[in-house]
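**Student:** I would like the atomic coordinates for the input below:
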Amino acid sequence: MRLNPSNFNTHLKLGTKCIQSTIRVQNPIPMAHATHSAPPRAKPVLVCVLEEIEPEILKRMIPPECVPMLLAVSGSVRDGLRGLPAHVHARADERLRPMPVLLRSCVVRQMIVRRQRLKHCEALVLADILARSSKLQHLELRLDALNESAAQELWLAVKHCGSLESFALECMHTTSVSKTLLLTACRDLENLARLNLHGLKIGTEGAQTLATCLDKSGKLRHLDLGKNYVNDEGLAALGRRLRASTNLQHLDLQENRLTEQGMRVLAGATQLTYLDVSTNDLGNEGAAEIGNSLDQMPHLAHLQAANVLMGEGGITELMTRMGKCNALQRLNLQCSELRTQGAQTLARGLLGWTALTHLNLQDTLLDNAALGVIAEKLAACTGLLHLDLSGNNITGAGVEHIEHAAASWTRLQELDLDYNKIDGTGGKHLAGVFARCRQLAVVNVHANRLKAHGIGALEAALAAAQLLRVLDLGGTKMLDEGVHVLARCLPRCPALHHLDVSYNGITAEAAASLGTILSGCTRLQQLHVEHNKVGAPGASALAAALAGSTKLLHLNLEHNYLGDAGACALLNALAFNTSLRTMNLARNGVCEHVTRNLAELQAARVRIA
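**Tutor:** Below you'll find the predicted structure:
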């Protein structure tokens with residue numbers, strides 16, 4: 001891709017080793033002829049991630065006439081900047097330096113900083129950039145470590161960013177003093193609409209500090225406090241701000257050691273559309289309290305309540321009390337004990353949630369009877385896109401309930417049934433789900449008991465699955481016969497790009513069929529065959545297909561008894577394959593000599609495990 005040097009706003013993200021996002025070029029002002037009446041050109045807007053980047057990639061992606069400046073660069077970029085209209089002088093001990101033409105040619109609106117350790121000298125550079133960025137709207141600081149002197153410099157700079165609308169701060173290792181400094185910078189950000197402190201671990205005292213700093217943030221719409229361990233006392237300190245805000249819509253409180261006392265604080269946050277209280281010690285009492293709060297949230301569209309130690313009684317309390325959440329679109333009750341009573345209460349709620357698109361009931365102790373109660377009412381949710389029933393006690397009879405309800409799910413795209421007890425008869429009903437849900441793109445039945453005849457029942461359905469992208473059949477005990485079935489039908493799935501057949505007892509006899517799948521599925525990017533018995537003869541058969549593959553990116557053959565012969569066959573195939581990026585050959589009894597060859601290949605192009 002080449003950029004148009006005439007009139008553009010450029011959003012550029014420079015990531016380690018590669019360009020991590022596409023370059024978007026816009027022309028807000030039409031191209032004009034070279035006359036004196038031509039409209040003035042808009043100043044380019046540059047969004048830059050301060051990371052290392054391969055110099056050759058930089059040269060190839062950025063033509064000199066299009067880039068008047070970069071915000072800041074690391075030392076490894078220096079050589080890549082030769083020939084560009086700017087000069088960079090970066091010493092080894094000072095990795096970030098601003099360009100001389102900083103802000104004369106660009107209006108900086110977004111800044112993303114990712115560093116392993118932000119040194120004081122680098123903080124000074126960033127502070128200087130922030131001080132000059134009067135139009136900055138979005139700032140992300142993703143740091144592994146931050147010392148107090150660097151935090152002091154950033155605090156002085158951030159607190160004067162009056163135009164800042166979005167601020168994200170993530171730091172793995174820093175002191176409580178540094179956290180307090182950066183939190184208090186929010187006090188002067190009157191235009192702040194999004195604040196993301198996910199994983200910062202501010203604790204109760206940090207939450208109390210933050211509560212005093214958000215008084216002027218009347219425009220705050222998005223607050224992420226996930227994994228901060230604020231406890232009930234910290235949330236209580238924030239309660240007045242949460243209840244007073246008329247704009248707050250998104251609130252993330254996952255993993256904060258909250259109990260039923262903390263849930264009472266949410267009673268006044270009536271404008272919420274997104275709420276995450278996952279991984280807290282709510283219990284049945286907390287479920288009742290949050291149910292009371294949800295009853296006052298008519299706009300709530302997304303509720304995450306996974307792993308909150310909620311039993312059958314808690315589910316009943318929660319579902320009974322959240323009667324006014326008619327706008328609910330996504331519901332996550334993972335790791336809750338639904339059982340029979342909870343399933344019946346949930347089923348009654350489903351009748352009112354006709355807008356539901358995502359339902360996660362993973363690890364909720366569902367059996368066939370409970371699933372039948374839920375599926376009958378879930379048929380009313382005609383817009384369902386994603387259903388997760390993983391880790392339950394569902395057998396083939398349970399899949400039959402899903403098949404009947406699926407007649408209404410014409411838009412279903414993802415179905416997760418992994419780690420259940422679905423046998424071969426379930427394959428027949430799963431085929432019925434495919435026939436009714438033509439939009440299915442992701443199907444996961446990992447660790448079930450389909451066996452070869454269950455896979456055989458799916459043959460016609462899979463051959464007709466034109467939109468199927470991801471298929472996980474790992475651990476289904478299909479053996480070689482099941483692979484032969486897949487070789488007949490999967491090449492007719494034009495969209496398939498991820499296939500998992502691991503843990504299936506596949507031997508060298510099915511290697512040719514694996515090769516047929518690899519050759520016939522022209523868009524396949526990931527193939528997982530780990531923990532089988534392919535052996536050296538099977539590796540040789542698979543190597544022929546690998547040599548001709550032009551799309552495969554990742555191949556996992558861990559623990560397949562390949563030995564040196566099998567590994568060498570695959571290595572030789574890589575001489576003809578230009579697409580593969582990673583190949584896992586671990587635990588295959590490969591000798592040191594072959595391992596050394598693998599290391600040389602890894603240094604060249606392909607990452608070998």
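**Student:** Show the contacting residues for R587.
**Tutor:** By Cβ atoms under 8 Å, 6 or more residues apart in numbering, the residues touching R587 are E558, H559. To be clear about C-beta, it is placed using only N, CA and C from the backbone, and glycine gets the same treatment.
**Student:** pretty sure it belongs to a strand, no?
**Tutor:** No: looking at R587 with DSSP: H, G, I helix; E, B strand; the rest coil, it is coil, so not inside a strand.
**Student:** Distance of it relative to G505?
**Tutor:** 17 Å (Cβ to Cβ, to the nearest Å).
**Student:** so what's D418 closest to, chain neighbours aside?
**Tutor:** Residue nearest to D418 in three dimensions, not counting chain neighbours: H446, with 3.8 Å by Cβ to Cβ, 6 or more residues apart in numbering.
**Student:** and the gap between E403 and L371?
**Tutor:** Note on E403: its distance to L371, by Cβ to Cβ, is 12 Å.
**Student:** More neighbours: the two, which one.
**Tutor:** A count of neighbours by other Cβ atoms under 10 Å puts L371 above the other of E403 and L371, at 28 against 21.
**Student:** now whichever helix or strand that one is part of, how far from the chain's geometric center?
**Tutor:** L371 belongs to helix 368-378 when assigned by DSSP states H and E. In terms of Cα atoms, centre = their mean, to the nearest Å, the centre of helix 368-378 is found 30 Å from the chain centre.
**Student:** now stretch 551-561
**Tutor:** Put simply, stretch 551-561 sits 23 Å off its chain's centre (Cα atoms, centre = their mean).
**Student:** Please point out which parts of that stretch sit buried.
**Tutor:** Using 16 or more other Cβ atoms under 10 Å as the burial criterion, the residues of stretch 551-561 that qualify are L552, L555, N556, L557, E558, H559, N560, Y561.
**Student:** Run through the residues that contact the fourth one.
**Tutor:** Which is L557. Counting by Cβ under 8 Å, 6+ apart, L557 touches V529, E530, V534, A539, L570, M583, N584, L585, N588.
**Student:** Mind doing that once more with 10 Å?
**Tutor:** Residues in contact with L557 (Cβ atoms under 10 Å, 6 or more residues apart in numbering) are 502, 527-532, 534, 538-539, 542, 566-567, 570, 583-588, 609.
**Student:** phi, psi of it?
**Tutor:** Per-residue torsions, L557: phi -120, psi 30 (degrees, to the nearest 10).
**Student:** same question, the second one
**Tutor:** Listed backbone geometry of L555 is phi -130, psi 120, with angles given as degrees, to the nearest 10.
**Student:** Check the gap between the closest residue to it other than its chain neighbours and D295 for me.
**Tutor:** Spatially, and ignoring its direct neighbours in sequence, L555 is nearest to M583 (4.8 Å; Cβ to Cβ, 6+ apart). According to Cβ to Cβ, M583 and D295 sit 54 Å apart.
**Student:** residues near I394, how many?
**Tutor:** Counted by other Cβ under 10 Å, the residues lying close to I394 total 24.
**Student:** show me what contacts it?
**Tutor:** Neighbouring residues of I394 by Cβ under 10 Å, 6+ apart: 366-368, 370-371, 401-402, 417, 419-422, 426, 448.
**Student:** of the residues you listed, closest to S245?
**Tutor:** L366 (37.6 Å; Cβ to Cβ).
**Student:** Then the closest one would be within a helix, right?
**Tutor:** No: applying three-state DSSP, one finds L366 to be coil, outside a helix.
**Student:** per-residue pLDDT, it?
**Tutor:** Per-residue pLDDT puts L366 at 95.
**Student:** List the residues that contact it.
**Tutor:** Residues counted as contacts of L366 (Cβ under 10 Å, 6+ apart) are 337-340, 342-343, 372-374, 389, 391-394, 398, 420.
**Student:** So which of these belong to helices?
**Tutor:** If you go by DSSP state H, the contacts of L366 have R339, T340, G342, A343, G372, V373, I374, G398 in helices.
**Student:** what about A508, neighbour count?
**Tutor:** Close neighbours of A508, defined as other Cβ under 10 Å, add up to 22.
**Student:** Please disregard the earlier target; I meant I290.
**Tutor:** 30.
**Student:** from the chain's centre, how far out does the helix or strand harbouring it sit?
**Tutor:** Following DSSP H and E, one finds I290 within helix 283-294. Mean-position distance between helix 283-294 and its chain equals 29 Å (Cα atoms, centre = their mean).
**Student:** Equivalent analysis for stretch 252-270, please.
**Tutor:** In terms of Cα atoms, centre = their mean, the centre of stretch 252-270 is found 25 Å from the chain centre.
**Student:** Repeat that for stretch 356-366.
**Tutor:** On Cα atoms, centre = their mean, the centre of stretch 356-366 falls 19 Å from that of its chain.
**Student:** Repeat that for stretch 347-365.
**Tutor:** 22 Å.
**Student:** Distance check, the residue nearest to G505 when sequence neighbours are not counted against H120.
**Tutor:** Leaving aside its sequence neighbours, G505 sits nearest to L479 (Cβ to Cβ, 6+ apart; 5.0 Å). Remark: distance between L479 and H120 (Cβ to Cβ) = 62 Å.
**Student:** Same question for T175.
**Tutor:** Distance, T175 to H120, using Cβ to Cβ: 14 Å.
**Student:** Look up phi and psi at V125.
**Tutor:** Backbone torsions of V125, given as degrees, to the nearest 10, read phi -60, psi -50.
**Student:** Pretty sure R132 is one of the things it touches, is it not?
**Tutor:** No: V125 is beyond contact range of R132, at 11.3 Å (criterion: Cβ atoms under 10 Å).
**Student:** Compare these two (neighbour count), which wins?
**Tutor:** Neighbour count, other Cβ under 10 Å: between V125 and R132, V125 has more, with 19 against 14.
**Student:** Any stretches of the chain with poor pLDDT?
**Tutor:** Scanning the chain for pLDDT under 70 picks out 1-108, 595, 597-606.
**Student:** can we see that at 50?
**Tutor:** Applying pLDDT under 50 to the chain flags the ranges 1-55, 57-59, 61-106.
**Student:** show me where the stretch 301-450 of the chain has helices.
**Tutor:** Taking DSSP state H, counting those that start in this stretch as the test, the helices found in the stretch 301-450 of the chain are 312-321, 339-350, 368-378, 396-405, 424-436.
**Student:** For L574, find the nearest of the ones you listed.
**Tutor:** Nearest of the helices of the stretch 301-450 of the chain to L574, taken as Cβ to Cβ: helix 424-436 at 35.4 Å.
**Student:** Just the buried positions in the closest one, please.
**Tutor:** G424, T425, G426, G427, K428, H429, L430, A431, G432, V433, F434, R436.
**Student:** Same question for stretch 295-306.
**Tutor:** Counting neighbours by 16+ other Cβ under 10 Å, one finds that the buried residues in stretch 295-306 are D295, Q296, M297, L300, A301, H302, L303, Q304, A305, A306.
**Student:** quick check, nearest of the contacts of L366 to L490?
**Tutor:** Within these, proximity to L490 (Cβ to Cβ) peaks at N420, which comes in at 22.6 Å.
**Student:** What about the closest one, how many residues nearby?
**Tutor:** 25.
**Student:** Report the spatially closest residue to H528, excluding sequence-adjacent ones.
**Tutor:** Spatial nearest neighbour of H528, excluding adjacent residues (Cβ to Cβ, 6+ apart): D500 at 4.1 Å.
**Student:** Correct me if wrong: that neighbour contacts L524.
**Tutor:** No: when contacts are counted by Cβ under 10 Å, D500 is not listed as touching L524 (11.5 Å).
**Student:** returning to that earlier point: and of the buried residues of helix 424-436, the nearest to C381?
**Tutor:** Closest to C381 out of the buried residues of helix 424-436 is R436 (14.4 Å), distances taken as Cβ to Cβ.
**Student:** residue contacts, the closest residue to that closest one other than its chain neighbours?
**Tutor:** Excluding the flanking residues, the one nearest R436 by Cβ to Cβ, 6+ apart is A406, at 4.3 Å. Residues near A406 by Cβ under 10 Å, 6+ apart: 375, 378-379, 384, 387, 399, 412, 415, 429-430, 432-437, 440.
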